[in-house]
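A.B. asks: Predicted model and sequence follow; I will ask about them next.
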Amino acid sequence: MISTDQTQQLLTGGGNVVDNDGSKIGSIGQVYLDDQTGQPEWVTVKTGMFGGGESFVPLREAEVTGDDLRVPYSKDKVKDAPRIEDADSHLSETEEAELYRYYGVGGADYDTSNDTSAVASHGDTGHDTSGPDTDSAMTRSEEQLEVGTEKREAGRARLRKYVVTENVTTTVPVSHEEVRLEREPITDDNIDQATSGGDITSEEHDVVLTEERVVVNKETVPVERVRVDKETVTEHQEVSEEVRKEQIELDENAGTTGDQDSDDRRV
C-alpha cells in the first residue's frame with residue numbers, strides 16, 4: 001500500500017508511471033484519496049500528444065520506484081481506460097465502479113460507497129493549507145499566461161549572378177560610292193583639256209569606288225550595384241490558450257452523515 005508520504009514524493013518528484021518492464025506510460029498527474037480511509041486510491045496518468053489526456057489507474061498493486069510509479073498494466077490498457085470528465089475533486093460511485101470493473105480490481109461487486117478525492121496535482125504552483133495540523137486557511141491558485149518570443153530561422157535569401165543572352169537590334173547608316181557618267185559639251189573653258197591628248201587613241205581610266213561596312217565591337221561596362229539588405233517588419237499575432245484556476249466554495253454540510261450520497265463538490 002502506497003503511503004501519503006510516498007504520494008507527496010511522487011507529486012513533487014516529476015516522475016512517470018511505468019509498466020512492469022519499466023517502459024513509460026505517461027507522466028504522473030493527480031492522486032485521489034479515499035474519503036473514509038484517507039489512503040491513496042487512484043492516480044491519473046497524462047498520456048497522448050503533449051500529455052493532453054488523463055487516464056485513471058488504481059494504486060492497489062502499484063509500487064514506488066525512485067520518482068516513478070510502477071503499475072501492473074500496459075500502456076494500451078491505461079490509455080483505453082474509461083474517461084472521467086470533470087473529476088478535478090471527486091470520483092462518483094458510478095465512475096469508480098466503472099474503473100474497478102475495467103481493471104478487474106476487487107471484482108464487479110467491489111464496494112464503491114466511499115468516493116475518492118484528489119489531493120494534489122503534479123506541477124501545480126499552489127498547495128492546500130487546510131488540514132488537521134494547519135490553520136483554517138486554503139490557498140487558491142491559478143495559472144497565468146506568459147507569452148514571449150524567440151528567434152528562429154525562417155528562410156534564407158541569396159544573391160546569384162548568371163548570364164543571359166538577348167538580341168539587340170539597332171540601325172546604323174552606311175554609305176557607298178556608285179559610278180555615274182557625266183557628259184559636258186566642249187567650251188572655251190575646257191577646250192585645252194579636251195585637246196591635250198592624242199588624236200584618235202585607245203585609253204582606259206580607272207576610278208576607285210569606296211563603301212562603308214558595319215563593324216561591331218562589344219565592351220563590358222558596370223551598370224549597377226546590387227546588395228541584399230534586411231529590414232524588420234513587426235506584426236501582431238493573437239495568442240489564445242486555456243489557463244486553469246482554482247475556485248473555493250463553502251460546504252456547510254460536509255460533516256453530516258447524510259452527505260455521503262450527495263454529489264461531489266469541487267474546490
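C.D. replies: Sure thing, it's come through.

A.B. asks: what ranges of the chain fall below the confidence cut-off?
C.D. replies: Within the chain, the ranges that satisfy pLDDT under 70 run 48-53, 85-89, 106-136, 196-198, 253-267.

A.B. asks: Which parts of the lengthiest strand in the chain count as buried, going by neighbours?
C.D. replies: For the chain, the longest strand by residue count, based on DSSP state E, is strand 24-34. By 16 or more other CB atoms under 10 Å, the buried positions in strand 24-34 come out as Ile25, Gly26, Ser27, Ile28, Gly29, Gln30, Val31, Tyr32, Leu33, Asp34. Every C-beta, even on glycine, is put in place using the N, C-alpha and C of the backbone.

A.B. asks: What ranges does the protein have for its strands?
C.D. replies: Along the chain, counting by DSSP E, strands occupy 16-18, 24-34, 40-47, 53-58, 63-65, 68-70, 90-91, 116-121.

A.B. asks: Between the two ends of stretch 202-212, how far is it?
C.D. replies: End-to-end distance of stretch 202-212: 34 Å, with CA to CA, to the nearest Å as the criterion.

A.B. asks: And it, what's buried?
C.D. replies: For stretch 202-212, the buried set under the neighbour-count rule, 16+ other CB under 10 Å, is empty.

A.B. asks: burial measure for the residue nearest to Gly15 when sequence neighbours are not counted, as a count.
C.D. replies: The shortest distance from Gly15 to any non-neighbouring residue, by CB to CB, 6 or more residues apart in numbering, is to Asp67 (3.3 Å). Using other CB atoms under 10 Å, Asp67 has 13 neighbouring residues.

A.B. asks: ditto for the one 3 residues further on
C.D. replies: Residue crowding around Arg70 was assessed by other CB under 10 Å; the count is 18.

A.B. asks: Please list all residues in contact with the closest residue to it other than its chain neighbours.
C.D. replies: Distances taken as CB to CB, 6+ apart place Glu63 nearest to Arg70, at 4.7 Å, with adjacent residues excluded. By CB atoms under 8 Å, 6 or more residues apart in numbering, the contact set of Glu63 is Ile2, Leu69, Arg70.

A.B. asks: Looking at those, which is nearest Tyr100?
C.D. replies: Nearest to Tyr100 out of the contacts of Glu63 is Ile2 (CB to CB; 17.3 Å).

A.B. asks: picking that back up, now the strands of the chain in CSV, with distance to Ile84?
C.D. replies: Output for the strands of the chain, formatted as CSV (distance: least, CB to CB, whole Å):
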stretch, distance to Ile84
strand 16-18, 16
strand 24-34, 10
strand 40-47, 9
strand 53-58, 6
strand 63-65, 24
strand 68-70, 19
strand 90-91, 7
strand 116-121, 11
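
A.B. asks: Flag every buried residue along stretch 173-183.
C.D. replies: In stretch 173-183, counting by 16+ other CB under 10 Å, buried: nothing.

A.B. asks: same deal with stretch 72-80?
C.D. replies: Within stretch 72-80, the residues scored as buried using 16+ other CB under 10 Å are Tyr73, Lys75, Lys77, Val78.

A.B. asks: re the thing from before, what angle do strand 40-47 and the longest strand of the chain make with each other?
C.D. replies: Counting by axes from the mean of the first three to the mean of the last three CA atoms, to 10 degrees, strand 24-34 lies at 150 degrees to strand 40-47.

A.B. asks: Which elements pack onto strand 24-34?
C.D. replies: Packing partners of strand 24-34 (3 or more CB pairs under 8 Å, 6 or more residues apart in numbering; DSSP states H and E): helix 4-13, strand 16-18, strand 40-47, strand 53-58, helix 75-79, strand 116-121.

A.B. asks: any chance of the buried residues of stretch 72-80 in TSV, with distance to Gln144 too?
C.D. replies: Conversion of these to TSV gives the following (distance: CB to CB, whole Å):
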residue	distance to Gln144
Tyr73	36
Lys75	33
Lys77	36
Val78	31
